[in-house]
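[1] fold the following for me, if possible:
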Amino acid sequence: MASTTFDMNQIEQEATTTAAKHVANMLQRPDQLEKVDKYMHRELRKKASVDGVLKTAMQTQLDGVQTGLFQLDSALAEIKEINKDIQDIWESLKGVPELVDSLYALKIESKEHSQCSAALENLEHILNIPKSVQDAMDMINEGKLLAAHQSLAILEHSRDDLLFEMHKLANQSPTDQNMLKHYFSDVEKLSEEISKQLWLILRRTLNSVRKEPKIIVSALRIIEREESEDSAAMDLFKRSGYMPIGRPKRWRNKAFEVLKHSVLERIEGNQFEDRSGHKMWLVTHLEMTRQIIVEDLRVVKTACVPCFPPKYQIFEEYVKMYHDCLSAHLQEVIGNSLEDNEYITILTWDSAYGSAEMLGHPDLSIDVTKLPPLLENSVKHSLVNQYLYNVKKNYREWMKNAVATDVKDWHHHKGPDEDESGYFHTELPLIMYTMLDQHLQVAQTVNKELLNKMMALCIEEVLEFTKLYEESIVAYSKKHFEDRSVVKYFTSYMIATANNCLQFCECSDKLRMSYCKDLNTISRKTHETFCRTLNEFLRLITVVLRYLWEELHTDLKQNLNEILTRTWFLAGTNIVDTIQVTLEDYGNDYTHLVPENFNLLITDVMNHIAVHYISSIMQKRMTFKTYEERKLAAEKLCDEGKVLQQLFQRAPFNKRLHSITKKKSYYDGKITFESMITKYGPIPIEEGKNSPFDAIPLVAEVIKLKDISMLSLEISGVIRNYPDVTLEQLVTLILVRGDVGKNDAKQLVLDIMSEIGTQNKERTIFSEITASI
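    Prediction:
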């Protein structure tokens, strides 16, 4: 209490202090003293309002406490009354045990009366069991299943009632029970016969439901009756521990098992052939299966759904049954080992499973995503890997045979085929890329992942093919140059091969554009392989063209080796005429090259011949005795250079199309014909620029010049037009004149080079010429 008083005092002091501060705040100015009465009345009103609220709250609390006390009093009175009643009940129950003995005789009489009553109720059925069973059998034979089942139900109820009464006896007699069961044994046979008829009807559900839906409905009514009896039997068992004979029958579960078995038979039963009888057996079998599934499910949705109880969800159940049976069947087919295209047949079928042609059919509209996978991912991965392995093995074998066939054609006594433009070719590129395209088309029907893997495999195998193709070209050429009389159409088939290589590039890029246009979908490894493949074919073109030049060079070699020799000097125009005729002859053959290859080869031929002319000068094959000889030799060089230049400006050599060659590109511009020329090809001759034969007059002028003081001017002209010309080449050229010493010639060239300064060392034919001082 002291503590409470202390607390109250402290609260009063705090309230007084707060009030003083409040008053001080209100009376800070003299004019506010006039409003003291007003302030006092306002605070009194507030105080009265707060006091009213507190009194109301206190009254509410007091009313609640009073109500609670009344309820507690009432509860206490009721508890006392209940306690008194319980005591009275206990007193009454004390006499119950004595009643058991006194009423025992009545209990026995009651049980006997119950059994007799059950026997009397079922007496008619008991006495007529054989007749009732036979009548029910006759009804079954007549197709009256509902009536037969009604008789069965009556007989089963009679049997079960009697057995239940025997079950309730304290001293059960197994002999009596067995005798009763034996007496009703025909009832179980009747039940089995009805069930057989039901399963037979349900097995033919998809056929019967369209013609005689009443039969299906009757069978389902019987099954539902049995389900109700099963439910009642289970309840009885829970109450008494007695389970009637044969219960629960679970005919609904059995019905679904029968339906599922019929579905499996539908799927497996349409396989009329095997691999030994027909190569396309699996395609035929799966197509038949597809048609059967779509048609059967359409029948289920339109005809079965109205016949079956809604709780059966028969359409969904049928979909699940077909799905499960089909999955098991495909696993069995895969387990029996597949061959060749059978892998892709199953993968394609699996891919189309949810399409509009199957479960996604507009009449069905089944959401396949709600079903388990038809084939597990591990199974599909295994199929894909095995399929790719087989394709790779087949590619290797096929490409080897294809190259062998092409090589065999090279040795025929007949030239290659021509297209409408007159360009030589063989069927190898078309045949090979047709096969690749077919495999890619098939892979595309499965999914994007398989398409990318197939594209990668195709490109890898084409890259391997380039090695095999090059080996064949090299071996063929080597054999030809050993004895040029053996192969009659060497030039023609080398032309066709060069054209083939370009066609391989175009077909490769066309395939890539058709199936993998977006380069972002291609893996880095595939990207690198693709670039390597295109580069290899472009490089192969230069290999083939090199052999074509070698063939031409073999015929020109003797004449080219005589340039700037005494024989050449005295022979007039015989040698250049022979070169010209030979070039024209080969030029007519070269017109069968596609423009890009023709341009490359003719450029190479021009460069080589120009190089031969200039190299012959550097090699000092002829020593000039007089200035007149030197002048005549230089003039003859100029004349022959002009003749050759004019030769390549008229038919058939004027077909060169520089712009086409330069613009040719593949793989979205990443691989260009121009880059290939730079890396593997001859020195390019740009359109509108000097030809390689323009170097011959410049060099000849150095030899022809009589006034040595003008020599620096001619040398500077050579350097400015051909910045890659070397010190050794220029010194050697000056020394050919025979009137300048080595040291003077070297110093002269050094002075001129120093004066001209550093130039862009553009690659010209002088890069192909070797000279030493």
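[2] stretch 756-768: end-to-end distance?
    Stretch 756-768 has an end-to-end distance of 23 Å (CA to CA, to the nearest Å).
[3] check which residues of it are buried.
    For stretch 756-768, a neighbour-count test (16 or more other CB atoms under 10 Å) marks 764-766, 768 as buried. Every C-beta, even on glycine, is put in place using the N, C-alpha and C of the backbone.
[4] between those residues, which is nearest residue 350?
    residue 768 (60.9 Å; CB to CB).
[5] confidence score at that closest one?
    Confidence at residue 768, expressed as pLDDT, is 87.
[6] ok, residue 544 next?
    Note on residue 544: pLDDT of 94.
[7] swap in residue 419?
    89.
[8] list the contacts for it?
    For residue 419, the contact set (CB atoms under 8 Å, 6 or more residues apart in numbering) comprises residue 425.
[9] now tabulate the buried residues of stretch 756-768 in CSV and tack on secondary structure and distance to residue 53.
    Listed next are the buried residues of stretch 756-768 as CSV, based on DSSP: H, G, I helix; E, B strand; the rest coil; distance: CB to CB, whole Å:
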residue, secondary structure, distance to residue 53
764, coil, 113
765, helix, 116
766, helix, 116
768, helix, 116
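[10] and of those, the nearest to residue 401?
    residue 768 (40.6 Å).
[11] isn't the closest one right up against residue 606?
    No: using CB atoms under 8 Å, residue 768 is not in contact with residue 606, being 11.8 Å away.
[12] for the residue lying closest to residue 734 once chain neighbours are set aside, what are its contacts?
    Of all residues not flanking residue 734 in the chain, residue 745 sits nearest, at 4.0 Å (CB to CB, 6 or more residues apart in numbering). Counting by CB under 8 Å, 6+ apart, residue 745 makes contact with 730-731, 734-735.
[13] closest to residue 93 among the buried residues of stretch 756-768?
    residue 768 (129.8 Å).
[14] residue 557 versus that closest one, what's the distance?
    To residue 557, residue 768 is 17 Å away according to CB to CB, to the nearest Å.
[15] residue 181 now?
    115 Å.
[16] try residue 487
    Using CB to CB, residue 487 is found at 19 Å from residue 557.
[17] what of residue 756?
    In terms of CB to CB, residue 756 sits 37 Å off from residue 557.
[18] please name every helix or strand in contact with the biggest helix by length in the chain.
    Longest helix in the chain, counting residues (DSSP state H): helix 36-93. Contact partners of helix 36-93 among helices and strands, from 3 or more CB pairs under 8 Å, 6 or more residues apart in numbering; DSSP states H and E: none.
[19] mind listing residues that contact stretch 448-463?
    347, 384, 388, 391-392, 395-396, 399, 432, 436, 439-440, 443-444, 504, 508, 511-512, 515-516, 521-523, 525-526, 529-530, 532-533, 536.
[20] what about 6 Å?
    384, 388, 392, 395, 436, 439-440, 443-444, 515-516, 526, 529-530, 532-533 (CB atoms under 6 Å, 6 or more residues apart in numbering).
[21] also stretch 184-192?
    Residues outside stretch 184-192 that contact it (CB under 6 Å, 6+ apart) are 133, 136, 152, 155, 159.
[22] let's see it at 8 Å
    Taking CB under 8 Å, 6+ apart as the rule, stretch 184-192 contacts 129-130, 133, 136-137, 148, 151-152, 155-156, 158-159, 245-246, 249.
[23] tell me which two of these sit farthest apart.
    130 and 249 (23.0 Å).
[24] still on that earlier bit, of the contacts of stretch 184-192 - the most surrounded one?
    Neighbour tally across the contacts of stretch 184-192 (other CB atoms under 10 Å): the maximum, 26 neighbours, falls on residue 136.
[25] that residue touches residue 153, doesn't it?
    No: at 10.2 Å, residue 136 does not count as touching residue 153 under the criterion of CB under 8 Å.
[26] grab the most central residue of the protein for me.
    With distances taken as CA atoms, centre = their mean, residue 449 lies nearest the centre of the chain, 1.9 Å away.
[27] what about that one, which SS state?
    With DSSP: H, G, I helix; E, B strand; the rest coil as the basis, the three-state label of residue 449 is helix.
[28] flag the least confident of the contacts of stretch 448-463.
    residue 516 (78).
[29] all helices for the stretch 151-300 of the chain, in order.
    Ranges of helices within the stretch 151-300 of the chain are 174-183, 185-203, 205-211, 213-240, 251-268, 281-299, based on DSSP state H, counting those that start in this stretch.
[30] let me have these in a markdown table, extended by distance to residue 479, mean neighbour count and mean pLDDT.
    Converted to a markdown table, the helices of the stretch 151-300 of the chain look like this (distance: least, CB to CB, whole Å; neighbours: other CB atoms under 10 Å; pLDDT from 0 to 100):
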| stretch | distance to residue 479 | mean neighbour count | mean pLDDT |
| --- | --- | --- | --- |
| helix 174-183 | 98 | 12 | 72 |
| helix 185-203 | 73 | 18 | 89 |
| helix 205-211 | 70 | 17 | 89 |
| helix 213-240 | 80 | 16 | 91 |
| helix 251-268 | 59 | 18 | 92 |
| helix 281-299 | 46 | 18 | 90 |
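[31] what would the ones you listed look like in CSV with distance to residue 583?
    Listed next are the helices of the stretch 151-300 of the chain as CSV, based on distance: least, CB to CB, whole Å:
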stretch, distance to residue 583
helix 174-183, 115
helix 185-203, 87
helix 205-211, 82
helix 213-240, 91
helix 251-268, 74
helix 281-299, 58
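[32] roughly how far does the nearest residue to residue 342 once chain neighbours are set aside sit from residue 274?
    Using CB to CB, 6+ apart and skipping residues adjacent in sequence, the residue nearest residue 342 is residue 282, 5.0 Å away. Distance of residue 282 to residue 274, computed by CB to CB: 9 Å.
[33] of the contacts of residue 745, which belong to helices?
    730-731, 734-735.
[34] isn't the residue nearest to residue 342 up against residue 344?
    No: using CB under 8 Å, residue 282 and residue 344 do not qualify as a contacting pair, with a distance of 10.3 Å.
[35] so which residues of the protein form strands?
    Assigned by DSSP state E, the chain shows strands spanning 417-418, 424-425, 665-666, 671-672.
[36] pull up the pairing partners for the first one, direction included.
    Think strand 417-418. Using DSSP bridges, strand 417-418 pairs in its sheet with strand 424-425 (antiparallel).
[37] roughly how far apart are the nearest residue to residue 417 once chain neighbours are set aside and residue 639?
    In space, residue 417 comes closest to residue 425 once its chain neighbours are excluded; the distance is 6.1 Å by CB to CB, 6+ apart. Residue 425 sits 40 Å away from residue 639 when distances are taken as CB to CB.
[38] for those two, indicate the residue with more neighbours.
    Neighbour totals were compared for residue 425 and residue 639, and residue 425 leads with 21 against 15 (other CB under 10 Å).
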